[in-house]
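[1] Let's see this in three dimensions:
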Amino acid sequence: MATQTLTIGKALNLGLRKAMEDDAKVVLMGEDIGRLGGVFRITDGLQKDFGEDRVVDTPLAEAGILGTAVGLAMRGYRPVCEIQFDGFVFPAYNQIVTQVAKIHARSRGRLTMPIVIRIPFGGGIGAVEHHSESPEAYFAHTPGLKVVAVSNPVDAYWGIQQAIAHPDPIVFLEPKRRYWDKAEVDTAATPDPLFASRVVRGGDDVTVLAYGPMVKTALQAAQAAAEEGRSLEVVDLRTISPLDLDPVVDSVRRTGRCVVVHEAPVTLGLGAEIAARVTEACFHSLEAPVLRVGGYDTPYPPSKLEEEYLPDLDRVLDVVDRAMGF
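    Sure, this is the predicted structure:
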C-alpha cells in the first residue's frame, strides 16, 4: 500500500532507505548508526541491508565525520552525517561553517557539497546537558548552508530524500521529542517543494508561525483558542534558511497580527529575523507588534525543569492575548 501510518522516526528510516536504493552514491555516517541503528533507531536495519561501506559506524569525533564527508562529496558521493545529539554538533562547527558552507563559493562553483547533516534537536525528552539544544540560528546565519526543520512524518519521509538529492549542503533538523508522533504518509504522492512554508490551519485573528517541534504546540494552542471563539492561523515554516515568507505575508496582511514560536532562546533567535521581515513587508497591515515566544535566555535547564523552560500552550496563548490587546 502506498499510504501507511508512520512515526517521524520510521518515516525518516524509510526515506533514507529509498534514497539509498535510488542512488548508490548515498553514504550514511555517524556514531552508532550501523549495528545499533542509531540512538533513536532512525537507521535501524540499514547497515544489515546496505553493508558497512554505505552505513558507516564512525569514531566519536564529529569534526572527523564532517571532514570525511567533505572529501567524499568532492569525489561525487552524497554523504548523510548523523550528529547523535544537537549539543554534540559544536566540535564539527568549524568544519561546517568554514569548509562545508564555503567550498562551492571557494571553488567558483566547480565543486558542489551535497552533504546532509542530520541533527535531532530541541528538548522535551528528559535528557542531560548537551542533549537538548536548539542551534538552528547558528547555521541559518551561515551563508552557503540551507536549514530544514521537519515537524511531521510526511515532511520527514519526503524531506530527507529531497535534501539528499539537493546539490547544496543542508542541515536537517529533526524534532527528537516528536520522533514517535504518527500520521498517514502516502509514499506515492507528489511532495511539496522542500523550501516552502505551509499553512497547516486556517484562521482570521492571529497568524502563528512555528517550525519543528513547536508546530504541534501551535496547533494545540489554535485548538484551545477556537474553543474560546478566537481563530488562529498556523503556518509551518518547514525551512529556516531560506525562509519562505510569502504565505506568511499573505496571512499577516489578512489577520493583522503575528506571533512567532520557537524553542530556542528569544534573543537573536529566528523570531527576531522573521519579526523584522514581517514588519517591513506588512507594516501598514499590522494591528500589533510582531511578538515572540521562545526559550529563556539561560542555558537549557536540568530535565526536571525543562517543562518550565519550553514554550507550551499557555505561553503561546498568553502572547496571543497580548497581540489581541493592542
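
[2] so what's residue 220 closest to, chain neighbours aside?
    Closest residue to residue 220 apart from its sequence neighbours, by Cβ to Cβ, 6 or more residues apart in numbering: residue 313 at 5.0 Å. C-beta here means a position set from N, CA and C on the backbone, and glycine is covered the same way.

[3] State the number of residues packed around that neighbour.
    17 (other Cβ atoms under 10 Å).

[4] And the helices in the stretch 1-150 of the chain, which stretches?
    8-22, 46-50, 62-74, 93-95, 103-106, 136-140 (DSSP state H, counting those that start in this stretch).

[5] Any chance of TSV for those, columns mean pLDDT?
    Formatted as TSV, those follow (pLDDT from 0 to 100):
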stretch	mean pLDDT
helix 8-22	98
helix 46-50	98
helix 62-74	97
helix 93-95	97
helix 103-106	97
helix 136-140	98
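
[6] Among these, which comes closest to residue 82?
    Of all the helices of the stretch 1-150 of the chain, it is helix 62-74 that lies closest to residue 82, at 8.3 Å by Cβ to Cβ.

[7] Give me the buried positions along the closest one.
    Residues of helix 62-74 classed as buried: 62, 65, 66, 67, 68, 69, 70, 72, 73 (neighbour count, 16 or more other Cβ atoms under 10 Å).

[8] mind putting these in JSON lines, distance to residue 259 included?
    Shown next, in JSON lines, are the buried residues of helix 62-74 (distance: Cβ to Cβ, whole Å):
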{"residue": "62", "distance to residue 259": "35"}
{"residue": "65", "distance to residue 259": "37"}
{"residue": "66", "distance to residue 259": "35"}
{"residue": "67", "distance to residue 259": "41"}
{"residue": "68", "distance to residue 259": "42"}
{"residue": "69", "distance to residue 259": "37"}
{"residue": "70", "distance to residue 259": "39"}
{"residue": "72", "distance to residue 259": "42"}
{"residue": "73", "distance to residue 259": "39"}
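
[9] about what we covered before: from residue 224, how far out is the residue nearest to residue 220?
    6 Å (Cβ to Cβ, to the nearest Å).

[10] cool, and residue 232?
    Distance from residue 232 to residue 224, by Cβ to Cβ: 9 Å.

[11] who's in contact with residue 81?
    29, 30, 65, 66, 69, 115, 116, 117, 118 (Cβ atoms under 8 Å, 6 or more residues apart in numbering).

[12] in the sheet, who's paired with it?
    residue 29, residue 117 (DSSP bridges).

[13] What separation do you get for it and residue 116?
    Residue 81 is 7 Å from residue 116, by Cβ to Cβ.

[14] Leaving out sequence neighbours, find the closest residue to residue 23.
    residue 78 (6.4 Å).

[15] Is there a neighbour count for the one you found? I'd like the number.
    So residue 78, with other Cβ under 10 Å, has 24 neighbours.

[16] Next, the contact list for it, please.
    By Cβ under 8 Å, 6+ apart, the residues touching residue 78 are 23, 25, 26, 27, 114, 115, 116, 164, 165.

[17] moving C-terminal of the helix or strand residue 249 falls within, what's the next helix or strand?
    Using DSSP states H and E, residue 249 sits within helix 246-255. Per DSSP H and E, helix 246-255 leads on to strand 258-265 as the next helix or strand towards the C-terminus.

[18] Turn the helices of the stretch 1-150 of the chain into JSON lines, including distance to residue 288.
    Below are the helices of the stretch 1-150 of the chain laid out as JSON lines (distance: least, Cβ to Cβ, whole Å):
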{"stretch": "helix 8-22", "distance to residue 288": "34"}
{"stretch": "helix 46-50", "distance to residue 288": "48"}
{"stretch": "helix 62-74", "distance to residue 288": "42"}
{"stretch": "helix 93-95", "distance to residue 288": "37"}
{"stretch": "helix 103-106", "distance to residue 288": "40"}
{"stretch": "helix 136-140", "distance to residue 288": "24"}
